[in-house]
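[1] Need a 3D model of the sequence below.
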Amino acid sequence: MNKAELVSAMAEKTALSKKDAEVALKAFTDIVAEELKKGEKIQLVGFGTFEVSERAERTGRNPQSGKEMVIPASKAPKFKAGKALKDLINK
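    This next block holds a predicted model:
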C-alpha cells in the first residue's frame, strides 16, 4: 500500500474527504518525526511504540577495497509493534 492508497482507505473508513484524510496523515507523520527528533518516545497502546535507537561508533570494512573504516555513531527511528497488533496479525 502506498500513500495515496492509505489516504483513500482512511477517507473511506472515517467518512472524511480524501483531502482531509491526507491532511490528517501529514499531521500524524509530522508530529511523529518532530517528537523523534527531540528524542521523545510515542506510545500508541494496542498498536506500538515509535522511538529513537542510538547506534554506537564502530569499525567497518569497505566492501570494495577491504580497507577498515570508522562508521560514526548515529540515531535511527525504530517501531516496535504492540501486543494487540501482533495478536491481530498472528490470528
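[2] Could you use CA atoms for every contact and neighbour count after this?
    OK.
[3] Provide the contact partners of stretch 47-57 at residue level.
    Contact partners of stretch 47-57, identified using CA atoms under 8 Å, 6 or more residues apart in numbering, comprise 32, 36, 39-43, 70-85.
[4] change it to 10 Å
    Contacting residues not belonging to stretch 47-57 are listed as 32-33, 35-44, 70-86 [CA atoms under 10 Å, 6 or more residues apart in numbering].
[5] For stretch 30-45, buried residues please.
    Val32, Ala33, Leu36, Ile42 (16 or more other CA atoms under 10 Å).
[6] what's the answer for stretch 4-13, then?
    Buried residues in stretch 4-13 (16+ other CA under 10 Å): Val7, Ser8, Met10, Ala11.
[7] Let me see the contact set for the residue nearest to Ser17 when sequence neighbours are not counted.
    Nearest non-adjacent residue to Ser17, counting by CA to CA, 6 or more residues apart in numbering: Ala11, 5.6 Å away. Residues in contact with Ala11 (CA under 10 Å, 6+ apart) are Glu5, Ser17, Lys18, Lys19, Asp20, Ala21, Glu22, Ala24.
[8] so the last one sits in a strand?
    Pointing back at Ala24 there. No - counting by DSSP: H, G, I helix; E, B strand; the rest coil, Ala24 is not part of a strand but helix.
[9] That one contacts Met10, doesn't it?
    Yes - taking contacts as CA atoms under 10 Å, Ala24 lies within contact range of Met10: 9.3 Å.
[10] Quickly list what's touching both of those two.
    In contact with both Ala24 and Met10: Leu16, Lys18, using CA under 10 Å, 6+ apart.
[11] Could I get the phi/psi values of the residue located most distally from the centre of the chain?
    The C-alpha centroid of the chain is most remote from Ser65, which lies 33.6 Å away (CA atoms, centre = their mean). Phi and psi for Ser65, reported as degrees, to the nearest 10, are phi -100, psi -20.
[12] how near is Gly82 to Lys91?
    15 Å (CA to CA, to the nearest Å).
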